[in-house]
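Engineer: Quick one, structure for this:
(one chain, ligands or ions: 2)
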Amino acid sequence: MEKVVIIRYAEIHLKGKNRGYFERVFANNLEKSLKGIRHELHRTSGRWLVEKFEEGRAEEVAERISSVFGVHSYSIGYLLGSSMDEIYAGAKLVSPKEGTFKVETHRGYKQYPLSSMEISAEIGGRLLDEFHGLKVDIHSPEHTVFIDVRENGKALVFGSFEEGAGGMPVGTSGKGLLLISGGIDSPVAGYMMAKRGMQVELLHFHSYPYTSDGAKEKVVSLAKILSKYTLVTRLTTVKVTKIQEEIHAKCAAELNVTLLRRFMFRIAEKFALKYGMQCLITGESLGQVASQTIEGMTSSNAVVSLPVLRPLVGFDKDEIIARSRKIGAYETSILPFEDCCTVFLPEHPAIRPKLSFIEEEEKKLDVETLVEEALRSAEKTEF
Ligand code: ATP
Ligand code: MG
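Structural biologist: Ligands and ions are numbered 1, 2, ... in the order given. Coordinates of the predicted model:
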């Protein structure tokens, strides 16, 4: 009898002529998430099994699997021979000791001498004999013991279905560049796109020495948390100190954030095009702050031709916070470190900046040289 983790995927995405490709990417992602844990991954009719790990690490395997997109549900269970005695030995381990229960059997192996109903009745009967606090309830039991008799003379026994991360395997929906700050929103935005199968690469702007090393460390911590889902373990940082100083010295104060945002987009686009990313991703949400009005978004879109995806555009802050907590980023996001956007923050940022005014102010700057210089400061961190 061997402890295993059973993984079921959302079939719907894996149909048609792309099936082989999707399955390869998915299996590859499962392998990546299990890096550092000895195991074997096997595909069997409609599911994957993680086998041959140290028994004590089952929870850890399950925990890792739980954040892989494309996993519909998973269970910790036992892989054993399909004789009734062997099945019962497993059932005993996953069965509750008291309360209401039922046994549910699925029989992939149609030549098995007993029917599904007979197997359930037999195992259920033996469990009732063993644990006197148990009672059968077919319709709404507190617990279910699941038995799956397979074609190869093996059976799987498990006691629950855990909900997976859902979504589509990362890497099957193109490649995007997330502009990641140290805030709450952008990590959630990255999570959302990865959930739809996008490979999400990370770009962060800092304004050293106005922003500290601590602020950068915080972004690396967030990137690590995000990598559980995106499976991407690198982050590029770009220095925009000089750009901010120039804007501050030469342009109308109320356009500070607007102009900086346009620089960020230009730099991000150049970077994305160089490395084959097909879109930019931000954590903006309509109307959340002065720069996130439709006019603000229009002004930054105006300087790039790649699509800009804003998966949080229609979310309220509390919805974003709930998601941030769920993915385990919130506690890190709220650590008090400055972001470059808060350096030189004007008292009254323009809420509806006019494009003509923005362009007029921007003429005071050598945009192209500033962008090229910033790009040359790019540093890659692997973690
Ligand atoms: P967040 O919580 O993601 O920081 P926010 O509500 O604080 O968002 P802003 O500071 O206005 O909003 O930033 C809007 C978006 O611009 C962010 O979601 C992020 O995608 C991008 N952004 C802001 N600051 C940076 C930065 N320092 N580096 C990279 N991207 C940034
Ligand atoms: Mg922010």
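
Engineer: drop to CA atoms for contacts and neighbour counts, all remaining ones
Structural biologist: Fine.

Engineer: which ones are touching the closest residue in space to Pro349 that isn't next to it in sequence?
Structural biologist: With sequence-adjacent residues excluded and distances taken as CA to CA, 6 or more residues apart in numbering, Pro349 is closest to Glu254, at 4.3 Å. Neighbouring residues of Glu254 by CA atoms under 8 Å, 6 or more residues apart in numbering: Pro346, Glu347, His348, Pro349, Ala350.

Engineer: Next: Gly182.
Structural biologist: Contacts were defined as CA under 8 Å, 6+ apart; by that measure Gly182 touches Ala215, Lys216, Lys218, Val219, Leu222, Ser333, Phe337, Asp339.

Engineer: Identify, from the residues you listed, the entry nearest to Met193.
Structural biologist: Checking those against Met193 by CA to CA gives Leu222 as the nearest, at 15.9 Å.

Engineer: For that closest one, give me phi and psi.
Structural biologist: Backbone geometry at Leu222, expressed as degrees, to the nearest 10, gives phi -60, psi -40.

Engineer: before we move on, back to that, now, the contacts of Gly182 that are in helices?
Structural biologist: Counting by DSSP state H, the members of the contacts of Gly182 that fall within helices are Ala215, Lys216, Lys218, Val219, Leu222, Ser333.

Engineer: Can you get me a residue count around the first one?
Structural biologist: Pointing back at Ala215 there. Other residues near Ala215 number 21, with proximity taken as other CA atoms under 10 Å.

Engineer: let's have the chain start at 175 instead
Structural biologist: Will do, 175 is the new start, and the previous item becomes Ala389.

Engineer: separation between it and Leu351?
Structural biologist: According to CA to CA, to the nearest Å, Ala389 and Leu351 sit 20 Å apart.

Engineer: about what we covered before: make sure the residue nearest to Pro523 is indeed in a strand.
Structural biologist: No. Assigned with DSSP: H, G, I helix; E, B strand; the rest coil, Glu428 falls outside any strand and is helix.

Engineer: tell me, how many neighbours does Ile421 end up with?
Structural biologist: Counted with other CA under 10 Å, residues neighbouring Ile421 total 21.

Engineer: touching ligand 1 at all, stretch 505-521?
Structural biologist: Yes. On the criterion CA under 6 Å from any ligand atom, stretch 505-521 is in touch with ligand 1 at Asp513, Cys514, Cys515.

Engineer: Looking at the ones in helices among the contacts of Gly356, which two lie furthest apart in space?
Structural biologist: Looking at those by CA to CA, the two members farthest from one another are Lys390 and Ser507, with 12.0 Å of separation.

Engineer: Look through the stretch 175-324 of the chain and state the residue closest to ligand 1.
Structural biologist: Among all residues of the stretch 175-324 of the chain, Ser241 sits closest to ligand 1, at 21.2 Å; criterion: CA to the nearest ligand atom.
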